[in-house]
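Trainee: Next comes the sequence, and after it the predicted model I'd like to discuss.
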Amino acid sequence: MAVQLLLLGATGHIGGAVLDDLLTSHPEVKVIAQVRSEKDSATLKAQYPSKLQTLVGSYNDAALSAAVGASSIVINAGPDATNEENIRALLTTLAGSIATDKPKFYIGTTGAALIWGSPDGNSEARTWDDVADIDDILALQNVTHATSDHIVQSANKLSPLLHTALVSPTFVSGISPSRKRPTPLIFPDWLHVIETLGAGVTINGGRNVTTFVEVKKLARLYVHLVEDALERLSSPSSSAAPDGLFLETWGPKAYYFAASLEIPFHALTADILLPALKKHGASYMTGEEGPKITDLSSTKPAAELIAKRHVGEPGAEIWSAHIAEGFGINMRVRGSRAEKAFGLKGFRWVDGSDTIVFSKEAGNDADLEESVRVFLKLEGKAEPE
């Protein structure tokens, strides 16, 4: 009998990449994709005819609860920070459906905003390792993602057979197979600020260092976790980590940073975003050189510009401030858990100092440039070719 996997957020930027990878690499798994509308359902069925089942509904629907209870693996690729109680209810349902000695698995999506500091453009910041620093990560309180993280991390108290893991992306780059959200979530707001100001944006010189993960590399991490779950379902005694290393692959400490490129924000703006906008014909790139860089003393002006795009939307001010902070924060992480558990060395391009480093010569900015190109095309903001 095929293992049933329920994927929430299947039409999103991350969820769409996970879905595509799953259907390609594991056709033997029965995948049910949760969507919000019949239109989204029709889009997925047209994209993947005969390959998956869709479920139209939201957290509070009985049909979704039934699908959760019937699934051996649940992936939640949707937002967590505004859905704490819904996540709690989902985990309770999943734990309550365990009636045998077979475990069930939940893979949640959180975010590296958990470790953000002050958005002041300063370069001084801690690099957080998801193995070496896991106790400090678990101890964080009153920061973005902390509440939902703690709900997931304590889920094994509901049942010792409920195994959980959290995937924590940095900023996401690259083009997702999702037809609804092919480009990264941050791009509309960040590029709106550049368009409105007619300039790139840095905070106090842009010395802060930020990190991206390419969306298909990110999807691979989810699929590796699914593969580990499938192995444990077929052989419950399987629990050894590679090379005999004891590592918590599932459970309260199963927290996975995902990162593939680290770059100072000034370099991101001057060497990637602005040249890509000019190269791909952004209609607001005027003059020979295109827009310059405007250096701000705080992220407040950027937040105000972003908020104007979201007037009338629930939580617009909070969201706008959060996205604007991305211009000035440090986000430095190491995904040691994925590397040690699954050999995902692609999450780090090691330069001898054990960090991910941007280099124009290395050409490791291709996914960011492609994100700009596709975004401009979809938004109709590129000059005709």
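Mentor: Received the coordinates, thanks. Values in this document were obtained by computation on a predicted structure and should not be read as measured data.
Trainee: could you pull out the helices for the stretch 201-350 of the chain?
Mentor: 215-234, 265-267, 274-279, 300-309, 316-325, 336-342 (DSSP state H, counting those that start in this stretch).
Trainee: Could you provide the ones you listed in CSV, with additional columns for mean neighbour count?
Mentor: Bear in mind the C-beta positions are built from the backbone N, C-alpha and C, glycine included. Output for these, formatted as CSV (neighbours: other CB atoms under 10 Å):
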stretch, mean neighbour count
helix 215-234, 21
helix 265-267, 21
helix 274-279, 19
helix 300-309, 18
helix 316-325, 19
helix 336-342, 21
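Trainee: Point out the one among the ones you listed that comes closest to Pro119.
Mentor: helix 316-325 (4.0 Å; CB to CB).
Trainee: Output that closest one as CSV, nothing but the C-alphas.
Mentor: C-alpha atoms of helix 316-325 as CSV (Å, rounded to 0.1, in the frame of the first residue of the first chain):
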residue,chain,number,x,y,z
ALA,A,316,0.3,45.1,6.4
GLU,A,317,2.4,47.3,8.7
ILE,A,318,4.0,44.3,10.5
TRP,A,319,4.8,42.5,7.2
SER,A,320,6.2,45.7,5.6
ALA,A,321,8.5,46.4,8.6
HIS,A,322,9.7,42.8,8.6
ILE,A,323,10.5,42.8,4.9
ALA,A,324,12.2,46.2,5.1
GLU,A,325,14.4,44.9,7.9
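Trainee: helices and strands around that helix, which ones?
Mentor: helix 187-197, helix 300-309 (3 or more CB pairs under 8 Å, 6 or more residues apart in numbering; DSSP states H and E).
Trainee: Let me see the mean pLDDT of the first one.
Mentor: Spelled out, that is helix 187-197. Predicted confidence along helix 187-197 averages 92 (mean pLDDT).
Trainee: Kindly list the main-chain dihedrals of the spatially most central residue of the chain?
Mentor: Central residue of the chain (CA atoms, centre = their mean): Pro169, 4.1 Å from the mean position. Reported as degrees, to the nearest 10, the phi and psi values for Pro169 are phi -70, psi 150.
Trainee: now do Val167
Mentor: Dihedral angles (degrees, to the nearest 10) for Val167: phi -100, psi 130.
Trainee: Give me the nearest residue to it, chain neighbours excluded.
Mentor: Tyr256 (5.0 Å; CB to CB, 6 or more residues apart in numbering).
Trainee: give me every residue that touches that neighbour.
Mentor: 130, 165-168, 221, 225, 335, 337-338 (CB atoms under 8 Å, 6 or more residues apart in numbering).
Trainee: List the buried residues in stretch 53-63.
Mentor: Burial within stretch 53-63, assessed by neighbour count using 16 or more other CB atoms under 10 Å, is assigned to 54-57, 59.
Trainee: Tell me where the model's unsure across the stretch 101-250 of the chain.
Mentor: Applying pLDDT under 70 to the stretch 101-250 of the chain picks out residues 236-246.
Trainee: Now with 90, please.
Mentor: 101-102, 123-125, 187, 198, 235-247 (pLDDT under 90).
Trainee: how about the strands in it?
Mentor: Using DSSP state E, counting those that start in this stretch, the strands of the stretch 101-250 of the chain run over 104-109, 128-129, 162-169, 171-173, 199-203, 209-214.
Trainee: deepest of the ones you listed, which one?
Mentor: strand 209-214 (a mean of 27; mean count of other CB atoms under 10 Å).
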